[in-house]
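Engineer: Please find the sequence and the predicted model below.
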Amino acid sequence: MNEKYDDSLDSLLTRNLVTPPENFTDTVISKLSDQSTINVEKVASYRSARPLFWPTAAIATGTAVGVIQVISFIFGIWIPATVG
Amino acid sequence: MESNFSNTEAILALAASDPNGFSPFVEHFQYPLFGFLGRMGFSQTDAEELAQEVFIKVWRYRASYLSDKSTVSTWLFTIARNTALDRLKKNRLRNPADDQSLPDVEEIAEDPLQQPEARLLQQQTQRQLTNAISQLSPDDRCVIALFYIDDLSSTQAACVMQCSTSAFKTRLSRARSKLKTILLAMDAIQ
């Protein structure tokens, strides 16, 4: 414990200006328990979303390749025809 | 405050796998934490909100304590200090004219055994004290608030303030003298 000054200011400052409510510990613990439940739910939802990733990625890659092929086809026929 | 709650017991409570194991920690540290927040100038409502925030942060970041060489109380009050300073900064940004969150007279802790007149006088003095504290800079408030935490030595308090013990004592002396001047002007002390 720190050495105190033993003056009138000391006696004022050693008083409690605010105090914890009676059920404070329970409130904190229930908040922490709620947060743990939310975290578990979040993790579960991330996992259920994972299987959707590969089909989505495959469709996106297929679409991109298709677009490139169409562009190549157009340029391959239209540009030589215009130049010719 | 119970003095039989050692640093080891605090570490064990931090290492608990579920929040129920953390309750002895909250049970023990709630009193010094509220004392700190009160001396920082926060109202009862704000202190309750901030104390909850501090304990939630302690639980969430408890793994980082294991690599910390300080005592649990030093670590806890470092979190409390940062949380309190953040709130003071936010309050000042939100309402620059009145950054203090002064408690209402009804909000100040009451002793049910006191006579009404004595209680009124105490409430008035405490309100003057809170008003005077709110006129200090956030760092001055911190230095004073940390010094009056029973199980925190000056060295540990200096560690929370990230300065040397001698610097802490100098800052404390300055902050106390500023507070005394304000309270003398208010006729709150002799």
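Structural biologist: Thanks, I have the structure now.

Engineer: Looking only at stretch B:117-133, what residues are buried by neighbour count?
Structural biologist: Applying a neighbour-count criterion of 16 or more other C-beta atoms under 10 Å in any protein chain shown, one finds B:Gln122, B:Gln123, B:Thr125, B:Gln126, B:Arg127, B:Gln128, B:Leu129, B:Thr130, B:Asn131, B:Ala132, B:Ile133 buried in stretch B:117-133. (Each C-beta comes from the backbone N, C-alpha and C, glycine too.)

Engineer: the longest helix in chain A is where?
Structural biologist: With DSSP state H applied, the helix covering the greatest number of residues in chain A is identified as helix A:53-83.

Engineer: what about that one, average pLDDT?
Structural biologist: Confidence over helix A:53-83 (mean pLDDT, whole number) is 86.

Engineer: Same question for stretch A:9-20.
Structural biologist: 86.

Engineer: can you give me the end-to-end distance of it?
Structural biologist: Between the start and the finish of stretch A:9-20 there is a gap of 23 Å, counting by C-alpha to C-alpha, to the nearest Å.

Engineer: Any buried residues in that stretch, and which?
Structural biologist: Within stretch A:9-20, the residues that qualify as buried are A:Leu9, A:Leu12, A:Leu13, A:Arg15, A:Leu17, A:Val18, A:Thr19, A:Pro20, counting by 16+ other C-beta under 10 Å.

Engineer: check contacts around the last one.
Structural biologist: For A:Pro20, the contacting residues are B:Gln30, B:Tyr31, B:Leu33, B:Phe34, B:Glu48, B:Ala51, by C-beta atoms under 8 Å, 6 or more residues apart in numbering or on different chains.

Engineer: filter those residues down to the ones near chain A?
Structural biologist: Taking C-beta under 8 Å from any C-beta of the partner chain as the test, chain A is in contact with B:Gln30, B:Tyr31, B:Leu33, B:Phe34, B:Glu48, B:Ala51 out of these.

Engineer: Which two among these are spaced furthest apart?
Structural biologist: B:Tyr31 and B:Glu48 (13.3 Å; C-beta to C-beta).

Engineer: Next up, the contacts around the closest residue to chain A within chain B.
Structural biologist: Proximity of chain B to chain A (C-beta to the nearest C-beta) peaks at B:Gly38, 3.2 Å away. If a contact means C-beta under 8 Å, 6+ apart, then B:Gly38 has A:Asn16, A:Leu17, A:Val18, B:Ala47, B:Ala109, B:Thr130 as its contacts.

Engineer: Select from those every entry located in helices.
Structural biologist: Taking DSSP H as the definition of helices, the contacts of B:Gly38 contribute B:Ala47, B:Thr130.

Engineer: so the residue of chain B closest to chain A, which of the three states?
Structural biologist: Secondary structure state of B:Gly38, per DSSP: H, G, I helix; E, B strand; the rest coil, is helix.

Engineer: before we move on, back to that, narrow the ones next to chain A among the contacts of A:Pro20 to just the buried residues.
Structural biologist: Neighbour-count burial (16+ other C-beta under 10 Å) applied to the ones next to chain A among the contacts of A:Pro20 gives B:Gln30, B:Tyr31, B:Leu33, B:Phe34, B:Glu48, B:Ala51.

Engineer: Off-centre distance for the strand or helix carrying the last one?
Structural biologist: The reference is to B:Ala51. Using DSSP states H and E, B:Ala51 maps to helix B:44-60. Averaging C-alpha coordinates over helix B:44-60 and over its chain gives two centres that are 11 Å apart (C-alpha atoms, centre = their mean, to the nearest Å).

Engineer: Toward the C-terminus, what is the element adjacent to that helix?
Structural biologist: Using DSSP H and E, the next helix or strand after helix B:44-60 towards the C-terminus is helix B:62-65.

Engineer: residue of chain A with the smallest distance to chain B?
Structural biologist: Of all residues in chain A, the one sitting closest to chain B is A:Leu17 (3.2 Å; C-beta to the nearest C-beta).
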